[in-house]
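A.B. asks: below are the sequence and a predicted model; questions follow.
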Amino acid sequence: MTILPRTPLLALAAAAFTLIGATGAQAQGQPLKVGLMLPYTGTFAALGTAIENGFRLYVNEQGGKLGGRSIEFVKVDDESDPAKATDNVNKLVKRDNVDVIIGTVHSGVAMAMAKVAKDSNTLLIVPNAGADAVTGPMCAPNIFRSSFSNWQPGYAMGEVVAKRGHKKVVTITWKYAAGDESVRGFKDAFEKAGGQVVKELNLPFPNVEFQALLTEIAATKPDAVYTFFAGGGAVKFVKDYAAAGLKRSIPLYGAGFLTDGTLEAQGADADGLMTTLHYADAMNTPRDNQFRLEYAKAYKLQPDVYAVQGYDAAQMLGVGLAATKGDVSKKAEFAAAVQKARIDSPRGAFTVSKAHNPVQDIYLRQVSGKENKLVGVATKALADPARGCRM
Ligand code: PHB
């Protein structure tokens, strides 16, 4: 039998305590590890880059520090592939030991990220993916979104299309959370106002073989079409819709991703399209003008909604870190600060709901001269219903 002498054990325990104590304090002097999990390949590749650009722009404007801590980036390309999502996010959490995860674009991938973030109590800020569940049943004190819920732009467009006198609408989208939920938001408002969705057309993500579905739309002859597509898929859909001759006969409406970051590639085929979103080109506010100028200077590119959401993810992180003096382990203080804040976004200031989703104006925009021109506010201070969030 081995009897350990008392003193060394106590000394060991004391040493361990000192070590642990030092780790917390030291961590604040060390760079904050930010894990960027975004699509850098595939149909959403440009969206991932814009989000990263926006995030870095805000950090650079703060002299490279948030909450007194310099920032170190670790990056993972999630390929917008839900099948690889859990492994990818675990690389950031377990291998790289990041302090916060920023991601992603695709709703299916984001739901896997939210599960890992919740289970590991890692801070997560979603800078695009609208998956209703992230700020619904999966909501958590350490999970935030700087963008929108899929329901929000859809709901606003349902009101617009009804007001414009359309009665019968066909919807068309990718069959996954973002498409389904965007259509649900649209239907919630459109059917409440007396409209009818007569057909819901789908194809698997990220397919772009639209021909058979466009033929079906032509045969159905609805008053209008509502759609959710984004990125490379949105470019092809808008071009195919025009090429099929439908643009002349059946008005096309969409969640604003249809024409955001895509107008160079869509050209004249996008002209005149009306969409709803929480941002527009040339909002012409001092805040947005300054943001657009700085973004264009830094990247030789015009910003889009994705750039704004990345920028605002960094702002939200900055608010939380300022309140906790850079200590990400203080989750309750972090959350309280973000919930109290008005985020000074280029889209217009917004607040964050109890479920941690932006409460924001949704704008009606119309494409003209390669810009999503602001027509007006479609729905003011729209809050996601946060169905299923208990927090
Ligand atoms: C999503 O999957 O939630 C999603 C993807 C691209 C967008 C918007 C939403 O532009």
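C.D. replies: The structure has been received and is ready for your questions. Residues are numbered from 1 along each chain as shown.
A.B. asks: now the closest residue to the ligand within the stretch 251-391 of the chain. Its backbone dihedrals?
C.D. replies: Going by Cβ to the nearest ligand atom, the ligand is nearest to Phe257 of the stretch 251-391 of the chain, at 3.4 Å. Glycine gets a C-beta too; all of them are placed from N, C-alpha and C. Phe257 has phi and psi values of phi -60, psi -20 when expressed as degrees, to the nearest 10.
A.B. asks: could you do His356 as well?
C.D. replies: Dihedral angles of His356 (phi, psi; degrees, to the nearest 10) stand at phi 80, psi 30.
A.B. asks: tell me how many other residues surround Asp77.
C.D. replies: 17 (other Cβ atoms under 10 Å).
A.B. asks: who's it bridged to?
C.D. replies: Beta bridges link Asp77 to Leu38, judged by DSSP bridges.
A.B. asks: so it makes contact with Leu38?
C.D. replies: Yes: the criterion here is Cβ atoms under 8 Å, and Asp77 meets it with Leu38 at 7.3 Å.
A.B. asks: shared neighbours of these two, anything?
C.D. replies: Listed as contacting both Asp77 and Leu38 by Cβ atoms under 8 Å, 6 or more residues apart in numbering are Gly48.
A.B. asks: who in the stretch 251-391 of the chain is up against the ligand?
C.D. replies: Taking Cβ under 6 Å from any ligand atom as the contact definition, the stretch 251-391 of the chain meets the ligand at Phe257.
A.B. asks: residues in contact with the residue lying closest to Gly376 once chain neighbours are set aside?
C.D. replies: Excluding the flanking residues, the one nearest Gly376 by Cβ to Cβ, 6 or more residues apart in numbering is Leu364, at 5.5 Å. Neighbouring residues of Leu364 by Cβ under 8 Å, 6+ apart: 156, 160, 274-276, 374-378.
A.B. asks: buried subset of those as a ChimeraX selection?
C.D. replies: With 16 or more other Cβ atoms under 10 Å as the criterion, this ChimeraX line picks the buried residues out of those:
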select :156,160,274,275,276,374,375,378
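A.B. asks: the contacts of Leu364 in strands, which ones?
C.D. replies: Counting by DSSP state E, the part of those found in strands is 274-276, 374-378.
A.B. asks: the residue of the stretch 251-391 of the chain closest to the ligand: neighbouring residues, count only.
C.D. replies: Using other Cβ under 10 Å, Phe257 has 29 neighbouring residues.
A.B. asks: low pLDDT regions in the stretch 201-350 of the chain?
C.D. replies: Within the stretch 201-350 of the chain, not a single segment meets pLDDT under 70.
A.B. asks: what segments of it are strands?
C.D. replies: Secondary structure of the stretch 201-350 of the chain (DSSP state E, counting those that start in this stretch): strands located at 224-228, 252-255, 274-277.
A.B. asks: residues of the stretch 51-200 of the chain that sit close to the ligand?
C.D. replies: 105-107, 128-131, 150, 178.
A.B. asks: would you reformat these as JSON lines and include secondary structure?
C.D. replies: Compiled in JSON lines, these are given as follows (DSSP: H, G, I helix; E, B strand; the rest coil):
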{"residue": "Val105", "secondary structure": "coil"}
{"residue": "His106", "secondary structure": "coil"}
{"residue": "Ser107", "secondary structure": "helix"}
{"residue": "Asn128", "secondary structure": "coil"}
{"residue": "Ala129", "secondary structure": "coil"}
{"residue": "Gly130", "secondary structure": "coil"}
{"residue": "Ala131", "secondary structure": "coil"}
{"residue": "Asn150", "secondary structure": "coil"}
{"residue": "Ala178", "secondary structure": "helix"}
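A.B. asks: pull out the buried residues from these.
C.D. replies: Neighbour-count burial (16+ other Cβ under 10 Å) is assigned, among those, to 105-107, 128-131, 150, 178.
A.B. asks: residues making contact with stretch 384-391?
C.D. replies: The contact list for stretch 384-391 (Cβ under 8 Å, 6+ apart) reads 132-133, 135-137, 139-141, 149, 151-152, 353-355, 357.
A.B. asks: tell me which of those is nearest to Asp327?
C.D. replies: Checking these against Asp327 by Cβ to Cβ gives Pro141 as the nearest, at 15.2 Å.
A.B. asks: leaving out sequence neighbours, find the closest residue to that closest one.
C.D. replies: For Pro141, ignoring the flanking residues on the chain, the nearest one in space by Cβ to Cβ, 6+ apart is Ala335 at 5.0 Å.
A.B. asks: with Ala242 instead?
C.D. replies: Excluding the flanking residues, the one nearest Ala242 by Cβ to Cβ, 6+ apart is Asp269, at 3.9 Å.
A.B. asks: dump the residue contacts of the one you found.
C.D. replies: So Asp269 contacts 238-239, 241-243, 247 (Cβ under 8 Å, 6+ apart).
A.B. asks: mind checking how far it is from Leu252?
C.D. replies: To Leu252, Asp269 is 10 Å away according to Cβ to Cβ, to the nearest Å.
A.B. asks: repeat that for Ile125.
C.D. replies: According to Cβ to Cβ, Ile125 stands 33 Å off from Leu252.
A.B. asks: repeat for Gly194
C.D. replies: 21 Å.
A.B. asks: do Met391 as well
C.D. replies: For Met391, the distance to Leu252 equals 38 Å [Cβ to Cβ].
A.B. asks: same thing with Ala383?
C.D. replies: According to Cβ to Cβ, Ala383 and Leu252 sit 27 Å apart.
A.B. asks: could you dump the helix or strand hosting Ala189 to PDB, C-alpha only?
C.D. replies: In this structure, Ala189 is located in helix 177-192 according to DSSP states H and E. In PDB, the C-alpha atoms belonging to helix 177-192 read as follows (Å, rounded to 0.1, in the frame of the first residue of the first chain):
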ATOM      1  CA  ALA A 177     -34.800  24.300 -44.200                       C
ATOM      2  CA  ALA A 178     -34.200  27.700 -45.700                       C
ATOM      3  CA  GLY A 179     -36.500  27.200 -48.700                       C
ATOM      4  CA  ASP A 180     -39.200  25.500 -46.700                       C
ATOM      5  CA  GLU A 181     -39.200  28.200 -44.000                       C
ATOM      6  CA  SER A 182     -39.000  31.100 -46.400                       C
ATOM      7  CA  VAL A 183     -42.100  29.800 -48.100                       C
ATOM      8  CA  ARG A 184     -43.800  29.300 -44.700                       C
ATOM      9  CA  GLY A 185     -43.200  32.900 -43.800                       C
ATOM     10  CA  PHE A 186     -44.600  34.000 -47.100                       C
ATOM     11  CA  LYS A 187     -47.700  31.800 -46.700                       C
ATOM     12  CA  ASP A 188     -48.300  33.000 -43.100                       C
ATOM     13  CA  ALA A 189     -48.700  36.600 -44.300                       C
ATOM     14  CA  PHE A 190     -50.100  36.000 -47.800                       C
ATOM     15  CA  GLU A 191     -52.900  33.600 -46.700                       C
ATOM     16  CA  LYS A 192     -53.700  35.700 -43.700                       C
END
